[in-house]
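In: sequence below, structure please.
(chains A and B)
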Protein chains: 2
Amino acid sequence: MLHKAPFLLSATQAEVIQVLRQTGQASRTEITDITGWSRAKTSQEINSLIEKGYLVETGVGRSKGGRKPRLLRFNSQLGYVVGVDFGATSLDIALADTNGTILNRRAEPTDIRRPPEELLSRCNVLILEMAAEHGIQPEQIIGIGVGVPGPVNFSRGVLVAPPLMPNWENYPIRIFFEETFPAAVVVVDNDVNIMALGEQRSGDAARIEHFLFIKIGTGIGCGIVVGGKVHRGNDGCAGDVGHICVDKQGPICRCGNRGCLEAMAAGPAIAEKAMQIAREGKSELLRKMMNERGGLLTPEDVNIACREGDEAALEIIRASGQMIGEVLAGLVNFFNPSHIFVGGGISNFGNHLLVAIRRTVLKRSLPLATTNLSINFSRAGADAGIVGAIALALEHLFVVEGNPHPLQ
Amino acid sequence: MLHKAPFLLSATQAEVIQVLRQTGQASRTEITDITGWSRAKTSQEINSLIEKGYLVETGVGRSKGGRKPRLLRFNSQLGYVVGVDFGATSLDIALADTNGTILNRRAEPTDIRRPPEELLSRCNVLILEMAAEHGIQPEQIIGIGVGVPGPVNFSRGVLVAPPLMPNWENYPIRIFFEETFPAAVVVVDNDVNIMALGEQRSGDAARIEHFLFIKIGTGIGCGIVVGGKVHRGNDGCAGDVGHICVDKQGPICRCGNRGCLEAMAAGPAIAEKAMQIAREGKSELLRKMMNERGGLLTPEDVNIACREGDEAALEIIRASGQMIGEVLAGLVNFFNPSHIFVGGGISNFGNHLLVAIRRTVLKRSLPLATTNLSINFSRAGADAGIVGAIALALEHLFVVEGNPHPLQ
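Out: Now for the predicted structure:
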C-alpha cells in the first residue's frame, strides 16, 4: 500500500497526533485524560487513525491496578524519512523512522558550487544505498527534509539569489527528489533554520519558548524560534543577521554594503586578518604557519595558533566574538530570548569566542533582557543540522484539513 | 449578577468565541460551517455560552432562502471594558462595550513622573465619571487594559526599572484598580505593545502575520507582531530598540552605554541638535525661534522650521530618519516582516522622516527581505494606543481551561 504524504487529518485527529509527538507513546486512557474527550470519542478517533495506518497499538504500559494498557505509537511501517544537510563543503544525510530514530547515515565532503543535478543525484545514490541496507523500497520514503546554506523561499522550496551556490537559484529540488521517491513530501529550508529545529529536539530545548541559534562558519546566520516554532518571516528569509552592519567604514561585503558582520567576523575574515598579521610580521607563529601552508591560512589555523598561546590569533578570535556580540546585543534588546545557542564550524574554537560574545552582550543589552539570558554552545553540536532536517520532514508528514500550515 | 473576569471556557466554546471575534456576529449555520461540527454539537456549545451570559442571539441576518436566521454576538450586558493609555505627558482613557465599541472617552495632560497613587486615582475618577454618564456601575467593569511608557514584566503586571517613571517600579497597578472595580481583570503592558495591538484592530492589519510598530517620540520603542500575536519575549521586554547602538563613539545614553538610537535620534536629541545649531549661528530661523522661546527649542519647533524651508532643520530630521533606518535595516534582515508602521509624536513630522527611514532600509537590507516590505505611517494614528488598550482588556476576558495563555 503506497502512503503518499502529506497525510490529511481532521482537527480532532491532529490532537491525538500532537499528544503522541509530545509523549512518544501513550495509552488510550492517557489520551482521554489529555484531550478531555469522552472515552467513546477518543476510541473513535484513535481507531480511525489505526485504520488509516498512521498509528499502531503495541506493547504494554504500566498498569494502574487493572489490566495492563496497550500503548499507541506511530506506525513505523507507515514509511521512512530522510534528512539531508548540505554545508558549503560537506554533505550529511540520514535515514530515520517515523519516530525520528536514525537507522543509517552517511557523511562526505562536497562542493556546493557544483551543479544541483550532480549533487542531488549523489544524494539519491546515498539514500537508495542506505534504504537497501534496511530492505526499504523507494516508495516507502514518505518525507525528505533538506537544509541548504542559502536563502530559501520556504513556501516554494527554492533558493533565491544564493551567494554561495548561484547554480541553485530557483532549482526545483522538490521535483527532483519526487521523481525517485514518489511518496515523499519534500521540504527545503535554510541550514540555520534546520539547526534551530535540531537544537529543539536535543536536551530540553523543546520546552524553550523563544531562542536564537547562531551559526558561525563561512557565513553567519541565525535561526529564530518564537513560541516554540521556527520563525521564517514574510519571505522566508528571517535570520539573515550576517549582513547587519557593524562598521559603516568597514570593508565592502559581497552583498555590496560596507561593514557587514559576515564580512568582518566570519571564517574568511578571520583567515584574512591572520594572513595580514603574518605578512606584517606581527606574529612569528602565524608567519611560520603561512609559509608552511603555501602562503594561505584557514580559520582552523588561527584556532591552532590561539591554542598554542599566540596573542595575535587570540586577539583576532576575541575581536570576532565582540562584533558578533554587538549584533546579538541589539537582537537581545529587540527579541528578548531566554537562550542563545552558538553553533557552526567557527564555534568549535573553544571558549574565547563564546566568552567574548557573552561579555559584549551583557555589556550592551538592557539588564532586564539579560537577567535570565543564557548564551551557550549548541547542545546538538555537529548533529543539529541532520537531526533538524529529519524533524523538518516529520513536521510536514501531517496536515489538518482546511489549514495550510503543517502540523507543527 | 456579578460576572468576574476572566471567564473560563472549554476548548470548543473557545472556538465559537474566536469565530465571533473575527466576524463580529454570525448565525448558527455560519458557525457550523466554520467549525465543521454537527448542528447538534454547535447548538449545544452555543446554548451553553448563552446560558452563561457571554453571548446573545438578536436581530436577523440575511436569509439564504428559508427563514431569516438570528445572529449571535457578544452580550454587551456582560459588562464593559476600559482602555488606559499613559504617555509621558498625556493620559487617554476610554470606556467601551465587549464588542470594542468606544462609548465615552477622556484625554488630558499629565506628568508620568508623579506618584502612581495620584495618577491612578485620577484614572478612577475619570472611569467612574464616564461610567456614570452611561448608567454603568463599577461592578460592571470587567476588564481594564493599561499601557505605560516603560518596561513591563507582563506576567506580573508591574514596571521594571522604568527610566521615565521611577516612582512606578513594582507598583501593584492591578491591585489598585481591582479595589474599585472588583469584577475587572486588569492587564498592564508597554505602550508600544498596545499601539501594535491597536494597529492590528485598524485597517486590514488583522490579516498581517508579521509586522513591526515603531514609536518615535521622547523615546523609541518597537511593538512586534509574530503570527498575528504580540511577541513580548522571555521577560516581557522585547522591542526595546531604543538602546541598540548606532555609533560606538556617540554620546552617553541614560542607560549608560554610548551611541544608543534613542540618545541620537529621538525627540530630545532632535531638540538638542537644533539648539546647538542655533547657538552656532548655522540657522537664522532656529536662532530666532530659540530667542523667542526663552533659549529652548522643542522637537515640534524643529518641525515648524523644517516646514518653513529651513535646511538645517530638514537635515536634523533626515539624519534622525537615517539612524532609525539603519537600526530597522538590521531588524528587517533578522525578522523579515511584511510591514513596518511608524507612529508616535515625532512621526507626525511629515514625509521627510519617513522617506529617510525608507531609503536607508532599502539601501541596507537584503533585497529578498525588502521586495514585499511596506514602510508607512500607522493607520491607527493617534488612536493606536487607546484602541490597543481596549483590545488588550478584551483579549484577556476569556481563558481556556487548562491553558495559561489568554484566548488571543
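
In: quick one: low-confidence parts of chain A?
Out: Within chain A, the ranges that satisfy pLDDT under 70 run A:1-3, A:59-67, A:402-408.

In: and the nearest residue to A:Leu328 once chain neighbours are set aside, what is it in contact with?
Out: Nearest non-adjacent residue to A:Leu328, counting by Cβ to Cβ, 6 or more residues apart in numbering or on different chains: A:Val361, 5.2 Å away. For glycine as for every other residue, the C-beta is placed from the backbone atoms N, C-alpha and C. Contacts for A:Val361 (Cβ atoms under 8 Å, 6 or more residues apart in numbering or on different chains) come out as A:325, A:328-329, A:332, A:340, A:370, A:373, A:375.

In: and what of A:Leu362?
Out: With the criterion set at Cβ under 8 Å, 6+ apart, A:Leu362 makes contact with A:Thr370.

In: and what of the one 10 residues further on?
Out: Taking Cβ under 8 Å, 6+ apart as the definition of contact, the neighbours of A:Asn372 are A:338, B:234-235.

In: may I have the phi/psi pair for it?
Out: Main-chain dihedrals, A:Asn372, degrees, to the nearest 10: phi -110, psi 20.

In: got it, and A:Glu108?
Out: Torsion angles, degrees, to the nearest 10, at A:Glu108: phi -150, psi 160.

In: isn't it right up against A:Leu91?
Out: Yes: contact criterion Cβ atoms under 8 Å: A:Glu108 and A:Leu91 qualify, at 5.6 Å.

In: burial check on the spatially closest residue to A:Ser378 that is not a sequence neighbour, number of neighbours?
Out: With sequence-adjacent residues excluded and distances taken as Cβ to Cβ, 6+ apart, A:Ser378 is closest to A:Gly343, at 3.6 Å. Applying other Cβ atoms under 10 Å in any protein chain shown, we find 26 residues neighbouring A:Gly343.

In: same check, this time on A:Ile173
Out: Considering only other Cβ under 10 Å, A:Ile173 is surrounded by 23 other residues.

In: residues in contact with it?
Out: Taking Cβ under 8 Å, 6+ apart as the test, what A:Ile173 contacts is A:116, A:120, A:146, A:148, A:157-158, A:186, A:188.

In: ditto for A:Thr23
Out: So A:Thr23 contacts A:Glu30 (Cβ under 8 Å, 6+ apart).

In: the helices in the stretch 101-250 of chain A, which residues?
Out: A:116-133, A:173-180, A:191-200 (DSSP state H, counting those that start in this stretch).

In: buried residues in stretch A:218-231, which are they?
Out: A:218-226, A:229-231 (16 or more other Cβ atoms under 10 Å in any protein chain shown).

In: mind checking the end-to-end distance for that stretch?
Out: Length of stretch A:218-231, first residue to last, Cα to Cα, to the nearest Å: 23 Å.

In: what does stretch A:31-41 give?
Out: 11 Å.

In: leaving out the residues flanking it, which one is nearest to A:Cys123?
Out: In space, A:Cys123 is closest to A:Val84, 5.6 Å off (Cβ to Cβ, 6+ apart).

In: part of a helix, is that neighbour?
Out: No: counting by DSSP: H, G, I helix; E, B strand; the rest coil, A:Val84 is not part of a helix but strand.

In: which residues touch it?
Out: Neighbours of A:Val84 in contact, by Cβ under 8 Å, 6+ apart: A:91-93, A:123, A:144-147, A:389.

In: if we use 10 Å, what do you get?
Out: For A:Val84, the contacting residues are A:91-94, A:119-120, A:123, A:126-127, A:144-148, A:173, A:177, A:186, A:188, A:194, A:385-386, A:389-390, A:392-393, by Cβ atoms under 10 Å, 6 or more residues apart in numbering or on different chains.

In: what do you get for A:Arg279?
Out: For A:Arg279, counting by Cβ under 10 Å, 6+ apart, the contacting residues are A:286-287, A:290, A:295.

In: please, which helix or strand holds the residue nearest to A:Asp240 when sequence neighbours are not counted?
Out: Sequence neighbours aside, B:Asn333 is the residue nearest to A:Asp240 in space, at 4.8 Å (criterion: Cβ to Cβ, 6+ apart). Following DSSP states H and E, one finds B:Asn333 within helix B:311-335.

In: got the phi/psi numbers for whatever residue of the stretch 101-250 of chain A ends up closest to chain B?
Out: Proximity of the stretch 101-250 of chain A to chain B (Cβ to the nearest Cβ) peaks at A:Gly233, 2.5 Å away. Main-chain dihedrals, A:Gly233, degrees, to the nearest 10: phi 80, psi -180.

In: give me the neighbour count for it.
Out: 23.

In: who's in contact with it?
Out: Applying Cβ under 10 Å, 6+ apart, we find A:Gly233 in contact with A:154, A:224, A:239-240, B:209-210, B:226, B:332-338, B:368-369.

In: compare these and tell me which is most surrounded.
Out: Top of those by neighbour count (other Cβ under 10 Å): B:Asn333, with 30 neighbours.

In: just to check, A:Gly236 is in contact with A:Gly150?
Out: No: between A:Gly236 and A:Gly150 there is no contact under Cβ atoms under 10 Å: 11.4 Å.

In: any common contacting residues for those two?
Out: Joint contacts of A:Gly236 and A:Gly150 (Cβ under 10 Å, 6+ apart) are A:160, A:190.

In: if we can go back for a sec, run through the bridge partners of the residue nearest to A:Cys123.
Out: A:Ile93, A:Val146 (DSSP bridges).

In: up against chain B, what does the stretch 51-200 of chain A have?
Out: A:151-153, A:160-161 (Cβ under 10 Å from any Cβ of the partner chain).

In: tell me the contacts of the nearest residue to A:Glu15 once chain neighbours are set aside?
Out: In this structure, A:Glu15 finds its nearest non-sequential neighbour in A:Thr35, 5.5 Å apart by Cβ to Cβ, 6+ apart. The contact partners of A:Thr35, taken as Cβ under 10 Å, 6+ apart, are A:12, A:15-16, A:18-19, A:41-42, A:45, B:11.

In: going through these, which ones are buried?
Out: A:12, A:15-16, A:18-19, A:42, A:45.

In: now secondary structure too, for the residues you listed, in CSV please.
Out: Listed next are the buried ones among the contacts of A:Thr35 as CSV, based on three-state DSSP:
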residue, secondary structure
A:Thr12, helix
A:Glu15, helix
A:Val16, helix
A:Gln18, helix
A:Val19, helix
A:Thr42, helix
A:Glu45, helix
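
In: pull the most distant pair out of those.
Out: A:Gln18 and A:Thr42 (13.7 Å; Cβ to Cβ).

In: can you pull out the strands in the stretch 101-250 of chain A?
Out: Secondary structure of the stretch 101-250 of chain A by DSSP state E, counting those that start in this stretch: the strands cover A:102-109, A:141-148, A:152-153, A:158-159, A:185-190, A:211-216, A:220-226, A:229-230.

In: got a markdown table for the contacts of A:Asn372, with distance to B:Gly381 too?
Out: What follows is the contacts of A:Asn372, written out as a markdown table (distance: Cβ to Cβ, whole Å):
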| residue | distance to B:Gly381 |
| --- | --- |
| A:Ser338 | 35 |
| B:Asn234 | 31 |
| B:Asp235 | 30 |
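
In: returning to that earlier point: make JSON lines out of the strands of the stretch 101-250 of chain A and add distance to B:Cys255.
Out: Shown next, in JSON lines, are the strands of the stretch 101-250 of chain A (distance: least, Cβ to Cβ, whole Å):
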{"stretch": "strand A:102-109", "distance to B:Cys255": "47"}
{"stretch": "strand A:141-148", "distance to B:Cys255": "38"}
{"stretch": "strand A:152-153", "distance to B:Cys255": "37"}
{"stretch": "strand A:158-159", "distance to B:Cys255": "40"}
{"stretch": "strand A:185-190", "distance to B:Cys255": "33"}
{"stretch": "strand A:211-216", "distance to B:Cys255": "22"}
{"stretch": "strand A:220-226", "distance to B:Cys255": "24"}
{"stretch": "strand A:229-230", "distance to B:Cys255": "31"}
